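1. Structure for this input, please:
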Amino acid sequence: QEHGLDYQRLLDASGYKELHRAAMVLWGEERRRSDPGCFCRAAVQGAAQPVWVVSDTRRLSDIEWFRAAYGAAVVQTVRVVASEETRKRRNWVFVAGVDDAETECGLDQGVTFDWVVTNDGDQKSLEQQLETLLQSICGHL
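-> Okay, the predicted model is just below:
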């Protein structure tokens with residue numbers, strides 16, 4: 001909004017997103033420096049449902065914020081992984097200074113995830129993993 005960018009186009013893997021990606025990273029870093037929980041609070045603002053998914057935490061501080069706000073016992077962390085080969089087939093191209101920045105790698109170390117979901121293109125495997133996760137969540141309701 002501040003820079004007049006097309007929000008919908010930023011959600012896909014297009015050249016438009018890549019054109020603005022480095023500037024978005026800098027903008028986000030500035031926001032986090034002044035308020036580490038700003039994006040976490042924005043994600044939950046107005047949320048009232050008993051279970052919800054925050055799909056894009058980027059740093060350990062994000063996970064810590066949710067655990068502090070809601071209690072570690074109810075926060076479940078899920079890591080979705082895909083091989084580099086799979087990511088390249090999906091048109092991902094490594095960009096130095098972006099793909100090796102904290103916004104992309106901040107959770108690569110120091111976090112033990114409750115769940116790790118592999119998304120390498122095997123639909124049946126993905127569905128089985130998600131079903132197991134869903135059953136676990138429903139078991140906690």
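2. So which residue is smack in the middle of this protein?
-> Closest to where the C-alpha atoms of the chain average out (C-alpha atoms, centre = their mean) is residue 56, at 1.9 Å.
3. Am I right that that one is in a helix?
-> No - secondary structure of residue 56 (DSSP: H, G, I helix; E, B strand; the rest coil): coil, not part of a helix.
4. Buried residues, the helix or strand of the chain with the lowest mean pLDDT. List them.
-> Here the helix or strand of the chain ranked lowest by mean pLDDT, DSSP states H and E is helix 102-105, holding a mean of 83. By 16 or more other C-beta atoms under 10 Å, the buried positions in helix 102-105 come out as 102, 103. (C-beta placed from N, C-alpha, C; glycine too.)
5. what residues does it touch?
-> Outside helix 102-105, the residues that touch it by C-beta atoms under 8 Å, 6 or more residues apart in numbering are 25, 28, 29, 58, 59, 98, 99.
6. Make CSV out of the residues you listed and add distance to residue 19, pLDDT and neighbour count.
-> Output for those, formatted as CSV (distance: C-beta to C-beta, whole Å; pLDDT from 0 to 100; neighbours: other C-beta atoms under 10 Å):
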residue, distance to residue 19, pLDDT, neighbour count
25, 13, 82, 17
28, 16, 86, 15
29, 18, 85, 12
58, 20, 83, 18
59, 24, 86, 19
98, 12, 81, 14
99, 15, 85, 14
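7. Please, where are all the strands along the protein?
-> For the chain, the strands defined by DSSP state E cover 78-81, 115-118.
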